[in-house]
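Colleague: Sequence plus predicted model, see below.
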Amino acid sequence: MKISVLLVSIFALARCENRPDETIAVSAPFDEPEAKRVFADGNNTIFGSAVVHQVDGGTQTTGCLVAYLIRQTAHADERIMAIYGDAERGNNYIVWGQRIAFEPDLPAYQENQRAVACDPQGRFEFQTVADGGYYVIANVYLSASDGPPREGQAFMRRVHVDGGETISVDLSH
């Protein structure tokens, strides 16, 4: 738990220090009580992996540090559409230091996300998930031979769980 909180803090600080490359207005109101349901106990499990398949057939997973779970709300739907152009499944090329800003950029939106550390193979698992709709998000940063990662892929998939389901989410490209 401490590792995932530390990783989330590091990424949050890295994003905050950079000026946004684009600012997008969000018109849907933020429903904080609904967003907080991401922390409600349930009997569902969401697991999966985030990998980038390389041209030579290999996979890149070492850059997947954290996976996020976000409760599906109208506000989240609008943000997800702006980032991925789709509300079901998407991926985007990312460059370290680039970011999109949202207006309003509510701290409560960031605070109401669950985060888990990915293992070295890019696998993650969210346990005790309440019934409902969610977005599962993970970034895979590609290793650079001459230093820290500078690019990668951001993956998203919308899921729905109900009644004690265990579902697998493939976040790959």
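Modeller: Received the coordinates, thanks. Numbering: from 1, shown residues only.
Colleague: I figured T23 hits E103, correct?
Modeller: Yes. Counting by Cβ atoms under 8 Å, T23 touches E103, with 5.7 Å between them. Every C-beta, even on glycine, is put in place using the N, C-alpha and C of the backbone.
Colleague: all strands for the chain, in order.
Modeller: Assigned by DSSP state E, the strands in the chain fall at 22-25, 44-53, 59-60, 64-71, 89-95, 100-103, 113-117, 123-129, 132-144, 147-161, 166-172.
Colleague: Of those strands, flag the one that's most buried.
Modeller: Of all those, strand 64-71 carries the top mean neighbour count, a mean of 23, counting by mean count of other Cβ atoms under 10 Å.
Colleague: Need the pLDDT of the residue nearest to the spatial centre of the chain.
Modeller: Geometric centre of the chain, nearest residue: I137, 2.5 Å, by Cα atoms, centre = their mean. pLDDT recorded at I137 is 95.
Colleague: Distance of it relative to Q127?
Modeller: 17 Å (Cβ to Cβ, to the nearest Å).
Colleague: do L65 as well
Modeller: L65 sits 19 Å away from Q127, going by Cβ to Cβ.
Colleague: Could you list the low-pLDDT ranges of this structure?
Modeller: Low-confidence segments of the chain (pLDDT under 70): 1-20, 53-63, 96-97, 143-150, 173.
Colleague: Now do the contacts for the spatially closest residue to G48 that is not a sequence neighbour.
Modeller: Excluding the flanking residues, the one nearest G48 by Cβ to Cβ, 6 or more residues apart in numbering is V169, at 3.3 Å. The contact partners of V169, by Cβ atoms under 8 Å, 6 or more residues apart in numbering, come to I46, F47, G48, V136, R157, V159.
Colleague: Can you tell me which of the residues you listed is nearest A82?
Modeller: Ranked by distance to A82 (Cβ to Cβ), these are led by R157 at 16.6 Å.
Colleague: And the closest one, how close does it get to A50?
Modeller: Counting by Cβ to Cβ - R157 and A50 are separated by 10 Å.
Colleague: Closest one of the contacts of V169 to G90?
Modeller: Closest approach to G90 among the contacts of V169 (Cβ to Cβ): R157, at 8.0 Å.
Colleague: The closest one bridge partners, please.
Modeller: Beta bridges link R157 to R89, V136 when assigned by DSSP bridges.
Colleague: Next, find the distance separating it from P33.
Modeller: Distance of R157 to P33, computed by Cβ to Cβ: 24 Å.
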